[in-house]
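> Need coordinates for the below:
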Amino acid sequence: MFGKKKYFPIKVPNEPRSSVLPAPGQGCPNCGVWIPADNLSAHKGVCPKCNHNLTLSAYQRIELLSDAGSFEEMDADLAADNILDFPDYEDKLERARQESDLAEAIVTGIARMGGNRVVLAVMDSRFMMGSMGVAVGEKICRAVEKALDLELPLIICSTSGGARMQEGIFSLLQMAKTAAVLERLHQKGLLYISVLTNPTTGGVLASFASLADIIMAEPGALLGFTGPRVIKQTIGERLPDNFQRSGFLLEHGMLDLVVERSKLRDTLILLLRLHQGGNHAETTV
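Next comes the predicted model:
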């Protein structure tokens with residue numbers, strides 16, 4: 001069992017994977033209104049009626065945040081093997097790859113935002129609910145190491161149900177692994193911004209997603225180690241309204257900013273400029 005390779009390359013599609021909007025449109029899961037594709041595009045995937053943030057794929061979010069054509073992906077074919085021989089895990093991985101066109105639940109690379117070079121990592125909830133296994137942890141560590149090598153800011157956009165149970169203790173080890181490499185980033189004085197989206201829970205929130213210099217979230221995002229239903233069943237008490245939602249956590253000092261999706265790119269560019277003082281920026285918006 002332990003003689004298996006941790007990672008193996010898989011074939012991923014070569015077609016362009018941007019396209020911010022689904023076609024011909026999408027129903028809002030919050031209010032039920034049907035939103036045509038052109039309205040979704042104009043509102044960056046936010047319901048124009050109730051302001052609910054619809055789920056974006058990793059490539060959709062990269063397109064929204066990055067300068068056009070600037071993203072250079074790293075480790076696109078990196079994936080984890082079934083190192084514990086967990087029943088049916090291979091089948092679940094294959095379905096996730098077919099549904100998402102991804103090798104794993106995170107996309108990493110180098111991009112520009114307003115001309116500022118950054119290392120960007122974006123999780124995708126379509127791949128086994130963005131769960132963190134060995135390959136996800138490895139890709140995050142490689143992204144951090146790239147930021148260290150190039151002395152670039154790091155931005156990670158998280159969405160996750162937590163650690164991947166099919167990889168057992170190996171998935172939990174990624175919490176310590178990512179925390180350790182991020183400590184090297186902090187010691188070098190490089191900027192790390194964490195963007196939390198709906199939902200970000202479990203071992204992801206309890207590790208790299210909460211270890212940033214600046215932690216921001218989208219409005220209404222569910223953020224917590226354990227979900228509110230489990231907590232209520234455990235302690236048997238009524239929880240506060242909007243408990244574990246980003247607005248509640250901002251009020252209680254757990255976040256630095258809650259930023260509307262339409263303003264997220266501009267906010268990130270402003271933070272990068274303030275931190276870098278013009279370094280790594282060759283163009284302006």
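
> use CA for all of it now, contacts and neighbours both
Fine.

> Partner strands of the longest strand anywhere in the chain, with direction?
Longest strand in the chain by number of residues, with DSSP state E as the criterion: strand 192-201. Using DSSP bridges, the strands paired with strand 192-201 are strand 154-160 (parallel), strand 214-217 (parallel), strand 223-224 (parallel).

> Tell me the helix or strand right after it.
helix 202-205 (DSSP states H and E).

> just checking, what packs against that next one?
Identification of packing neighbours for helix 202-205 by 3 or more C-alpha pairs under 8 Å, 6 or more residues apart in numbering; DSSP states H and E yields strand 154-160, helix 168-187, strand 223-224.

> now, of the ones you listed, which is deepest in the fold?
Greatest average neighbour count among the helices and strands packed on helix 202-205 goes to strand 154-160 (a mean of 26), per mean count of other C-alpha atoms under 10 Å.

> Near the closest residue to S160 other than its chain neighbours, how many other residues are there?
Closest residue in space to S160, ignoring its immediate chain neighbours: G130 at 4.2 Å, by C-alpha to C-alpha, 6 or more residues apart in numbering. Using other C-alpha atoms under 10 Å, G130 has 26 other residues around it.

> what sits against G130?
By C-alpha atoms under 8 Å, 6 or more residues apart in numbering, the contact set of G130 is A105, I106, M123, D124, T159, S160, G161, G162.

> distance of it from I235?
28 Å (C-alpha to C-alpha, to the nearest Å).

> same question, A221
On the measure of C-alpha to C-alpha, A221 and I235 end up 23 Å apart.

> Neighbour count: these two, which is higher?
Neighbour comparison, A221 and I235: the larger count goes to A221, with 22 against 9 (by other C-alpha under 10 Å).

> for the more buried one, phi and psi?
When read as degrees, to the nearest 10, the backbone of A221 gives phi -70, psi 140.

> okay, it: pLDDT?
The model reports A221 with a pLDDT of 96.

> JSON lines for the strands paired with strand 192-201, including distance to R61?
Output for those, formatted as JSON lines (distance: least, C-alpha to C-alpha, whole Å):
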{"stretch": "strand 154-160", "distance to R61": "9"}
{"stretch": "strand 214-217", "distance to R61": "14"}
{"stretch": "strand 223-224", "distance to R61": "19"}
